Every structure is written in structure tokens, then in C-alpha cells.
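Undergrad: Fold the following.
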Amino acid sequence: MQRYTVIKGHISNYPDPIVLKKEQEVLYGKEDTQFPNWIFCKSITTNKEGWVPKQILTAPNNHGIAIVTKDYSAHELTANQGEILLCLEHLNDWTYCKTENGEIGWIPTSCLSEQ
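TA: Model prediction:
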């Protein structure tokens with residue numbers, strides 16, 4: 001796993017993130033203009049809302065419902081400048097990381113510098 005240093009602190013904007021399981025249905029919403037390929041979705045089963053990568057969603061049907069193709073959590077990390085994170089995945093200008101305490105979540109890639 002690649003190690004990154006947080007060069008710009010980040011505070012999570014969504015303390016209660018959407019968490020989805022493979023095959024779950026979501027209401028397919030608008031695409032983010034700042035971070036393309038992130039779709040604002042609403043879970044049909046839990047009514048929770050949040051940003052979901054377009055790559056893990058099927059095309060929406062005539063009712064605006066899409067299927068999630070893999071388990072997903074929108075948990076965002078709150079990280080301070082100087083922290084070291086382990087990269088698990090890069091997607092749409094965000095990086096899915098693990099902190100030294102074992103917390104896993106997303107942070108904007110622009111906040112990170114590769115070690």
C-alpha cells in the first residue's frame with residue numbers, strides 16, 4: 001500500500017455517511033460539478049443520502065433507480081496536516097485511505113502528497 005502525507009487538513013462534511021451493500025437500490029440523483037463521476041444518491045431501504053461513485057452504479061431505470069454493484073461506504077476522513085495515510089484506492093479525485101488508528105474513509109486526493 002502506498003503511503004501518503006496529508007498536506008492540507010480535511011474535515012468530513014458528512015458525519016453520518018451513506019453505506020450501501022452490493023445489489024442495493026438507490027435513487028440516482030445529480031452529478032457533482034466539482035468532482036465529476038460522483039452521483040448524489042438516496043438509499044431506497046434506509047433513506048440515507050450521499051455521494052456514490054458512478055463506476056459502482058448501474059444506469060438508472062425509467063424510475064431513476066440504479067443498483068449498487070459492490071459494497072460501499074461514503075465515510076469521509078477528518079485528517080490533520082502531517083498525518084500519514086495508507087492508500088487503498090483512488091477514484092474520481094478522491095482517495096480511500098486507512099489511518100494509523102485503523103479508520104478507513106475518503107479524502108480529496110488534492111489534500112495528499114505521495115511519500
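Undergrad: For this protein, just list every one of the strands.
TA: 3-6, 19-20, 25-31, 38-43, 49-53, 65-67, 72-73, 84-91, 94-99, 104-108, 112-114 (DSSP state E).
Undergrad: quick check: domain ranges of the chain?
TA: 3-13+76-114, 19-73 (automatic domain parsing).
Undergrad: do you know how far the residue nearest to the spatial centre of the chain is from Gln81?
TA: When C-alpha atoms, centre = their mean is applied to the chain, the residue found nearest the centroid is Ala74 (4.1 Å). When distance is defined by C-beta to C-beta, to the nearest Å, Ala74 is 23 Å away from Gln81. Every residue, glycine included, has its C-beta placed from N, CA and C.
Undergrad: Relative to the centre of this protein, find the outermost residue for me.
TA: Asn62 (25.6 Å).
Undergrad: For Leu20, see how far away it is.
TA: Distance from Asn62 to Leu20, by C-beta to C-beta: 21 Å.
Undergrad: quick one: Ala59 and Ala66 touch, right?
TA: Yes - using C-beta atoms under 8 Å, Ala59 is in contact with Ala66, at 6.8 Å.
Undergrad: Of those two, which one has the most company?
TA: Ala66 (21 against 8; other C-beta atoms under 10 Å).
Undergrad: for that one, which residues make a bridge with it?
TA: Beta-bridge pairing for Ala66 (DSSP bridges): Val26.
Undergrad: How many residues are close by the closest residue to Val19 other than its chain neighbours?
TA: What sits nearest to Val19 in space, not counting adjacent residues and going by C-beta to C-beta, 6 or more residues apart in numbering, is Ser73, at 4.7 Å. For Ser73, the number of neighbouring residues by other C-beta under 10 Å comes to 14.
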